[in-house]
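Peer 1: following is a predicted model, sequence given first.
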Amino acid sequence: MISSAAGDTEKKILLILKILSESSEPVGSIALARKLEELGLPLNQRTVRYHLRIADERGYTKPMGRDGRMITPRGLEELREAMVPEQLGFIQDKLELLAFNTTFDPKTRTGFFPINTSLFDAETFPKALQAMRASFEAGLCVSQKVAVAREGKKLGDVVIPRGKVGLATVCSVVVNGVLLKNGVPVDSRFGGVLEIKDSKPKRFVAIINYGGTSLDPSEQYIRAKMTSVGDAARTGNGKILANFRELPAPARPIVERVVAELKEADMGGIYALGNTGEPVCQISVGTNRIGMALLGGLNPVAAAVEAGIEVDNVAESGMLSYQQLVSFRDLK
C-alpha cells in the first residue's frame, strides 16, 4: 500500500511535470514555485528542488544548467498515463466544449474553430510535407487549409518546442460547432478507422467510443500504425481516420445547407451522410436519427507517419482563427 506521504509526493511531482509540459523552454525552481502557488500548492524552492531531484532520478526531467529543467519523453508518458483514471470520458467532454466555443461562420469566413497540432522535427518537415501532399490533394482531410508555426510560437494551446515545426490541421469538430450554432445538436459517438474502396466509404474496421477513453482515438490509431492513408490517396483503396456522428432526422435540411456552406469555405470533411434510420458505413442509427461519417483531420499526418516520419500529435489542441490559415499548396 502506498503511504499518504508517498502519494502526496507523487501528486506534487505530477503537477510539476504538468507545468513543465506546457513550456517550450527550461523552467527553474523559482518559476516552478511561483506557478505551483498560483495553482494552490505553495512550496518553497527547497521543496521544489527536492521533488525535481526525484524526477531527475526517474528520468522524467532533464537539467538544463542554470536555465532549469525540461520534461523528457519518459516524463510526458508518465504524465499521460497517470492522468488516465481522472480523464475517462475526457475526450467526449473536450469535443463538446470545443464545439460550444466554435465561432466560425462559413458564410463570412470569419471566427474561430478547433484544430489539431502536429509537431515535426525541423529537418524532416520538408519531407513530411511531400508525404502529406497526396492526401490533401485527394481531399482526405477536413480542409486543405493549414497553419504553420516555428519554435516558441503557439498553435492553439500548444507552444512549439525547440527544433520543432508545428502544423495545425482543421479538426472535424468544426462541423459540430457550426451545426450547433445553427440549432442542430450533434452526438459524437466514436472515432475509428474506415476502410474505403474505389474512393468510397465501405465500413468501419475499428472504433473507440469517445465516452470510454481519455486519449483521442486518431492519436491512438496513428501510433498503432493502423492506417494506410497514403495508399487510399494514391489508389482509392485503404484505411483512413474517420469519426461518426448522429443527428436528429428532422434537421437534415439544415445539415445539408451547412455542409454546402462549409464546402464553399474549404471546410467540412463530411464523407457520408445517411437517411433517416439508415446505417452509414455499416453503423446503425436510431429510428429518428441520421448518421454522418466525418474525415479525420489528422489523415495527412497519418500519411507522413506511414512514410517513416516521426511526429508528436496533439488532437483537439485549441482554437485558431480562419485568417491564420493558408493553403497547403502554398507551403514550401
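Peer 2: Received, thanks. Not measured: the values here are computed from a predicted model.
Peer 1: tell me, how many neighbours does residue 212 end up with?
Peer 2: Residue neighbour count, defined by other Cβ atoms under 10 Å, stands at 11 for residue 212. All C-beta atoms are positioned from the backbone trio N, CA, C, and that covers glycine.
Peer 1: which residues of the stretch 151-300 of the chain fall in helices?
Peer 2: 173-181, 217-223, 229-235, 252-264, 299-306 (DSSP state H, counting those that start in this stretch).
Peer 1: and the fourth one with helix 173-181, angle?
Peer 2: So that's helix 252-264. 130 degrees (axes from the mean of the first three to the mean of the last three Cα atoms, to 10 degrees).
Peer 1: which strands or helices does helix 252-264 pack on?
Peer 2: Applying 3 or more Cβ pairs under 8 Å, 6 or more residues apart in numbering; DSSP states H and E, one finds that helix 252-264 contacts helix 173-181, strand 270-273, strand 289-295.
Peer 1: in it, what counts as buried?
Peer 2: 252, 255, 258, 259, 261, 262 (16 or more other Cβ atoms under 10 Å).
Peer 1: what of the second one?
Peer 2: Going by neighbour count (16+ other Cβ under 10 Å), the buried part of helix 217-223 is 217, 218, 219, 221, 222.
Peer 1: any chance of those in a markdown table, plus distance to residue 326 and pLDDT?
Peer 2: Below are the buried residues of helix 217-223 laid out as a markdown table (distance: Cβ to Cβ, whole Å; pLDDT from 0 to 100):
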| residue | distance to residue 326 | pLDDT |
| --- | --- | --- |
| 217 | 28 | 92 |
| 218 | 23 | 94 |
| 219 | 24 | 92 |
| 221 | 27 | 95 |
| 222 | 24 | 96 |
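Peer 1: relative to residue 154, which of the residues you listed is nearest.
Peer 2: The shortest gap between residue 154 and any of those belongs to residue 219, at 19.7 Å (Cβ to Cβ).
Peer 1: let's see the pLDDT reported for residue 138.
Peer 2: At residue 138, the pLDDT value in this model is 96.
Peer 1: cool, residue 26 as well?
Peer 2: Value listed for residue 26 in the pLDDT field: 89.
Peer 1: one more: the one 10 residues further on?
Peer 2: Listed pLDDT for residue 36 reads 87.
Peer 1: that one: neighbour count?
Peer 2: 20.
Peer 1: repeat that for residue 190.
Peer 2: There are 19 residues near residue 190, going by other Cβ under 10 Å.
Peer 1: residue numbering should commence at 6 henceforth.
Peer 2: Happy to do that; since the first residue is 6 now, the last one works out to residue 195.
Peer 1: that one and residue 250 touch, don't they?
Peer 2: No. Residue 195 is beyond contact range of residue 250, at 9.4 Å (criterion: Cβ atoms under 8 Å).
Peer 1: identify the contacts common to those two.
Peer 2: Common neighbours of residue 195 and residue 250 are not found (criterion: Cβ atoms under 8 Å, 6 or more residues apart in numbering).
Peer 1: neighbours around residue 115, how many?
Peer 2: Neighbours of residue 115 using other Cβ under 10 Å come to 13.
Peer 1: residue 279 now?
Peer 2: 21.
Peer 1: just the mean pLDDT for stretch 308-315, thanks.
Peer 2: 97.
Peer 1: next one: it to chain centre, how far?
Peer 2: From the chain centre to the centre of stretch 308-315 is a distance of 17 Å (Cα atoms, centre = their mean, to the nearest Å).
Peer 1: that stretch: end-to-end distance?
Peer 2: Taking Cα to Cα, to the nearest Å, stretch 308-315 runs 11 Å from one end to the other.
Peer 1: check which residues of that stretch are buried.
Peer 2: With the criterion 16+ other Cβ under 10 Å, stretch 308-315 contains buried residues 308, 309, 310, 311, 314.
Peer 1: now do the SS call for residue 151.
Peer 2: Of the three states, residue 151 takes strand under DSSP: H, G, I helix; E, B strand; the rest coil.
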